[in-house]
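Undergrad: quick one, structure for this:
(one chain, ligands or ions: 3)
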Amino acid sequence: MLEPSTVAHVHTRLRETSPLVQVITNYVSMDIAANLLNAAGASPAMVHDAHESGEFARIAGAVVANIGTLSDPWVDGMLAAVAQAEADGTPWILDPVAVGATTFRRDTVDRLLEHNPAVIRGNASEILAIATSAGAGRGVDADAAVEDVRSDAEALASKLGTVVAMTGATDLVTDGTRSVTITGGDPRAPMITALGCSASALVAACCAVHDDALEASASALAILSAAVEKAGEKAEGPGSLRWRLLDALSTLSADEAAAVAAR
Ligand SMILES: Nc1ncnc2c1ncn2[C@@H]1O[C@H](COP(=O)(O)OP(=O)(O)O)[C@@H](O)[C@H]1O
Ligand SMILES: Cc1ncsc1CCOP(=O)(O)O
Ligand SMILES: [Mg+2]
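TA: Ligands and ions are numbered 1, 2, ... in the order given. Below is the predicted model of the structure:
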């Protein structure tokens with residue numbers, strides 16, 4: 001059970017403290033992820049090169065490592081940042097985009113996982129691919145359903161001692177012992193590219209302001225779900241849903257976010 005008061009607390013803390021979030025993410029997602037964090041009250045910084053990513057991680061409240069558009073220099077940058085985050089006890093979030101698709105992605109995720117992410121945020125195909133070494137998925141998009149992957153996600157969270165935040169029509173957040181589902185949003189959400197990457201960035205921002213990674217992750221997805229739903233009321237398609245989401249997130253009240261948890 002996700003307490004509405006927890007979501008309201010996390011929502012308020014985001015705006016009051018504006019956490020610095022280091023987002024090492026793919027080219028597709030940089031703009032929307034940064035804008036979404038700004039709208040939520042956080043402070044994004046896309047700092048990825050290995051010459052500085054570890055040093056920058058020292059001052060970040062949380063770090064994201066997203067493998068969406070992977071190449072060797074980016075792997076080096078991610079490893080430097082997450083090693084520093086691990087050493088400092090700073091939460092970092094893995095977004096394993098299309099991990100089942102290639103050996104390079106799978107090997108990179110294996111190397112990143114050695115540094116103990118606080119949260120793995122992915123769609124059902126990505127979580128299934130990590131949990132079972134199967135389920136290639138359809139590139140960056142899911143071809144599995146959250147409810148069908150639930151037990152794999154819970155087992156993965158237990159095995160790795162991490163939180164798994166699996167998104168889809170219904171989101172599931174689990175640490176292997178506690179599991180929370182979040183409903184809402186808008187069925188057109190998957191048509192906004194990099195919304196999942198942005199969700200991972202928001203999970204990181206919430207982990208920076210709230211120590212319990214399961215509650216923080218679930219609160220992030222509840223806040224996003226509430227804002228997407230609000231944006232969807234007037235949206236005519238994915239284009240207006242995208243810009244209306246930024247507006248909705250920036251004006252969302254703590255009570256509106258908390259209401260998603262009360263369902
Ligand atoms: N069918 C759906 N209906 C409503 N919301 C959805 C649906 N599918 C995904 N979402 C939402 O879209 C966001 C991105 O999730 P998802 O599409 O699973 O990630 P990714 O883009 O990494 O594949 C999440 O907030 C999730 O709740
Ligand atoms: C389309 C695409 N190609 C490589 S990364 C990327 C963005 C994927 O973003 P998301 O997983 O949030 O849809
Ligand atoms: Mg994704």
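
Undergrad: mind listing what's buried in stretch 234-252?
TA: 235, 241-242, 244-246, 248-249, 252 (16 or more other CB atoms under 10 Å). C-beta: built from backbone N, CA, C; applies to glycine.

Undergrad: just the helices in the stretch 151-263 of the chain please.
TA: Ranges of helices in the stretch 151-263 of the chain, per DSSP state H, counting those that start in this stretch, are 195-209, 213-232, 238-251, 254-261.

Undergrad: among those, which comes closest to ligand 2?
TA: With CB to the nearest ligand atom as the criterion, ligand 2 lies closest to helix 195-209 of those, at 3.0 Å.

Undergrad: mind giving me the packing neighbours of the closest one?
TA: Using 3 or more CB pairs under 8 Å, 6 or more residues apart in numbering; DSSP states H and E, the elements in contact with helix 195-209 are helix 4-17, strand 20-24, helix 30-40, strand 62-66, strand 92-95, strand 119-123, strand 163-167, helix 213-232.

Undergrad: out of the ones you listed, nearest to Ala189?
TA: helix 213-232 (5.5 Å; CB to CB).

Undergrad: briefly note if that closest one comes near ligand 1.
TA: Yes: residues of helix 213-232 contacting ligand 1 under CB under 6 Å from any ligand atom: 221, 224-225.

Undergrad: what angle sits between that helix and helix 238-251?
TA: Orientation note: helix 213-232 sits at an angle of 120 degrees relative to helix 238-251 (axes from the mean of the first three to the mean of the last three CA atoms, to 10 degrees).

Undergrad: pretty sure Asp141 sits against Pro190.
TA: Yes: Asp141 is in contact with Pro190 according to CB atoms under 8 Å; the separation is 7.0 Å.

Undergrad: just give the number of residues close to Ala101.
TA: By other CB atoms under 10 Å, the residues close to Ala101 number 17.

Undergrad: I'd like the distance between it and Ile67.
TA: Distance of Ala101 to Ile67, computed by CB to CB, to the nearest Å: 10 Å.

Undergrad: quick one on the thing from earlier: the residues of helix 213-232 next to ligand 1, buried ones only, as a PyMOL selection?
TA: Here is the PyMOL command that selects the buried residues among the residues of helix 213-232 next to ligand 1 (16+ other CB under 10 Å):
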select buried, resi 221+224+225
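
Undergrad: could you list the low-pLDDT ranges of this structure?
TA: Scanning the chain with the threshold set as pLDDT under 70 gives 135-137.

Undergrad: let's see 90
TA: 1, 133-144, 263 (pLDDT under 90).

Undergrad: pick out the residue of it closest to ligand 3.
TA: Gly196 (3.3 Å; CB to the ion).

Undergrad: that residue touches Ser125, doesn't it?
TA: No: the pair Gly196 / Ser125 is not scored as a contact, 11.2 Å apart, by CB under 8 Å.

Undergrad: now distance to Ala258 too, for the helices and strands packed on helix 195-209, in TSV please.
TA: TSV is the format used below for the helices and strands packed on helix 195-209 (distance: least, CB to CB, whole Å):
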stretch	distance to Ala258
helix 4-17	4
strand 20-24	22
helix 30-40	15
strand 62-66	22
strand 92-95	23
strand 119-123	21
strand 163-167	19
helix 213-232	8
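
Undergrad: quick one: name the residues of the stretch 1-150 of the chain near ligand 1.
TA: Counting by CB under 6 Å from any ligand atom, the residues of the stretch 1-150 of the chain close to ligand 1 are 123, 141-142.

Undergrad: residues touching the spatially most central residue of the chain, list them.
TA: Closest residue to the average C-alpha location of the chain: Ser200 at 1.6 Å, with CA atoms, centre = their mean. Contacts of Ser200 were listed using CB atoms under 8 Å, 6 or more residues apart in numbering, and they are 25, 33, 64, 66, 93, 95, 121.

Undergrad: around ligand 3, which positions in the protein sit nearby?
TA: Residues of the chain lying close to ligand 3 by CB under 5 Å from the ion are 97, 196.
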